[in-house]
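Q: Coordinates only, no sequence provided:
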């Protein structure tokens, strides 16, 4: 399993009139954490796109446990629990500054060749990087 | 089963650099459709909140089938397939103007008493309205 | 002067913890109203883009007068007060269902040739449509 | 004059189909930078609200110079050029990683007593902190 953690501060505009983070704001947090995870391993999603590979989201499942509030400093955990092939599954867990679990999510993304619009395999360099974590 | 359909036009700001609606924008569409569904049956989520009942989202599962584009006129279907108790499950299906399925979602919301912060039962008037659909 | 009015219902996710529409959510409302204004005159911003013309925003000035709330049915007024050339100025006024002024905005957009990335003139058909309003 | 700089990484969901940051996404960046500026001087907007003071935005003026892109690392500058009274004016300048100016903004916020809903003076501790910068 490969793990990575990234901190995000809640913005005012991400809250709603319930006084908590809007349930629809979390996908942005997961996305930011995945981007930083890729950067941490020497990859960059921006560069992947320039190389002709996109990673659209095919499935997203979120279980909300507790609310997050404005100015909370959240820890967004990214886990890759299985070696990716044509798709990659990310598990996310968000904790607040008191280590309380806010929510858990599972997102499935596919690798797509931008030129053809068709699915493709995980890029070689990303696969090489991940391999040692799955033995 | 109770069904309702609502039309939403995609905004420019809801797209991303892939040229399609951002995967994280759909919760806003589901939310708008649920609000209009409640209004269509003589209820109003705004009024429910003033009566002291909130409906936070506990779980959200989205399966993305096809992209939606700027200016698409989407039909967001809302289905209540089971009589709600302390929680209510909404199924959403989004179709574009060519009747192509864009995505499907299942959201579980709970009824919460704002004063106590504790779960409560579906409001009586909403339950009365729904009953005939489940016989 | 050319005027157009469009109605928008406030979404829950567009409010913030102050209980009102987030000040940064209004640009989406202005944008939706401009899109509908163009449609009303037989144009379509989506088609303009396919014809190779973009209209990026160069300047935006908003004066906030009163808050808007969840579920408010806002009227977004679009005014074109001067014949456009290489740029077009939109005045927006937002009123709630009680005809209270919520805010006023002035946005300057430029016409850009997507192929060259350079400014261009207002498209001929749009200019033809607007001319009668400025005599 | 009091100055502060804060770095923000552009999220994918903040771009639009033009391939650049949506013009309506910048208010969130200014807001985040103001929050961090207040924290840097030992204040906290979250705490100000708990003390019964809100700071709604009354006016916002943005001049867009150049586009920002996904994954850009932006520097958001916050300047307070005048001693605040019942209102405070923030000047923001956003630069990208190549020190190119992306846009400039001027926002006027008012201090409001949450209990009465009426304007009030800048909080004493904030005023004390700022004074030395205006002599």
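A: Received, thanks. Everything quoted here is computed from the prediction, not taken from an experiment. Residues are numbered from 1 along each chain as shown, chains lettered A, B, ... in the order given.

Q: From the chain's centroid, how far away is stretch A:72-82?
A: Its chain's C-alpha centre lies 7 Å from the corresponding centre of stretch A:72-82 when counted by Cα atoms, centre = their mean, to the nearest Å.

Q: got the buried residues for it?
A: Buried residues in stretch A:72-82, defined by neighbour count with 16 or more other Cβ atoms under 10 Å in any protein chain shown: A:72, A:74, A:75, A:76, A:77, A:78, A:79, A:80. For every residue, glycine as well, the C-beta is placed using N, CA and C.

Q: ok, and for stretch A:19-31, which residues are buried?
A: Buried residues in stretch A:19-31, counting neighbours by 16+ other Cβ under 10 Å, are found at A:20, A:21, A:22, A:23, A:24, A:25, A:26, A:27, A:28, A:29, A:30, A:31.

Q: Over to stretch A:58-77?
A: Counting neighbours by 16+ other Cβ under 10 Å, the buried set in stretch A:58-77 is A:58-62, A:64, A:67-68, A:70-72, A:74-77.

Q: residues in contact with stretch A:78-88?
A: Stretch A:78-88 is contacted by residues A:1-6, A:30, A:33-34, A:37, A:55, A:58, A:89-93, A:108-111, A:119-122, A:126-127, A:130-131, A:133-134 when judged by Cβ atoms under 8 Å, 6 or more residues apart in numbering or on different chains.

Q: Ignore what I typed, I meant stretch A:116-132.
A: Outside of stretch A:116-132, the residues within contact range by Cβ under 8 Å, 6+ apart are A:2, A:38, A:41-43, A:48, A:51, A:53, A:80, A:83-88, A:110-113.

Q: what mean pLDDT does stretch A:11-22 have?
A: For stretch A:11-22, the mean per-residue pLDDT is 98.

Q: quick one: it near chain D?
A: Yes: using Cβ under 8 Å from any Cβ of the partner chain as the criterion, contacts between stretch A:11-22 and chain D involve A:11, A:12, A:13, A:14.

Q: re the thing from before, residue D:98: which of the buried residues of stretch A:58-77 is nearest?
A: Comparing the buried residues of stretch A:58-77 against residue D:98 with Cβ to Cβ places residue A:76 closest, at 28.2 Å.

Q: interface residues of chain A facing chain D?
A: Within reach of chain D by Cβ under 8 Å from any Cβ, chain A has these residues: A:9, A:11-14, A:27-28, A:31-32, A:35-36, A:44-46, A:69-71.

Q: Show me those residues that map onto helices.
A: Judged by DSSP state H, these include A:27, A:28, A:31, A:32, A:35, A:36, A:45, A:46 as members of helices.

Q: What distance do you get for the last one to residue C:117?
A: Using Cβ to Cβ, to the nearest Å, one gets 20 Å for the distance from residue A:46 to residue C:117.

Q: Would you mind listing what in chain A touches chain C?
A: A:12, A:13, A:15, A:16, A:17, A:19, A:20, A:22, A:24, A:25, A:70.

Q: Closest one to residue D:103 out of the residues you listed, please.
A: Comparing the residues of chain A next to chain C against residue D:103 with Cβ to Cβ places residue A:13 closest, at 17.3 Å.

Q: and the closest one, how many neighbours?
A: Residue A:13 has 22 neighbours, counted by other Cβ atoms under 10 Å in any protein chain shown.

Q: so what's it up against?
A: Contacts were defined as Cβ under 8 Å, 6+ apart; by that measure residue A:13 touches C:16, C:22, C:24, C:25, D:27, D:28, D:31.

Q: what about 7 Å?
A: By Cβ atoms under 7 Å, 6 or more residues apart in numbering or on different chains, residue A:13 lies in contact with C:16, C:22, C:24, D:28, D:31.

Q: Need the max-distance pair from these.
A: Farthest pair in the contacts of residue A:13 (Cβ to Cβ) is C:16 and D:28. Separation: 10.7 Å.

Q: among the contacts of stretch A:78-88, which are in helices?
A: For those, secondary structure assignment (DSSP H) places A:30, A:33, A:34, A:37, A:126, A:127, A:130 in helices.

Q: As TSV, those with pLDDT would be great.
A: Shown next, in TSV, are the ones in helices among the contacts of stretch A:78-88 (pLDDT from 0 to 100):
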residue	pLDDT
A:30	98
A:33	98
A:34	98
A:37	97
A:126	94
A:127	95
A:130	94
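
Q: Turn these into JSON lines, including distance to residue C:99.
A: Converted to JSON lines, the ones in helices among the contacts of stretch A:78-88 look like this (distance: Cβ to Cβ, whole Å):
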{"residue": "A:30", "distance to residue C:99": "42"}
{"residue": "A:33", "distance to residue C:99": "45"}
{"residue": "A:34", "distance to residue C:99": "46"}
{"residue": "A:37", "distance to residue C:99": "50"}
{"residue": "A:126", "distance to residue C:99": "57"}
{"residue": "A:127", "distance to residue C:99": "61"}
{"residue": "A:130", "distance to residue C:99": "60"}
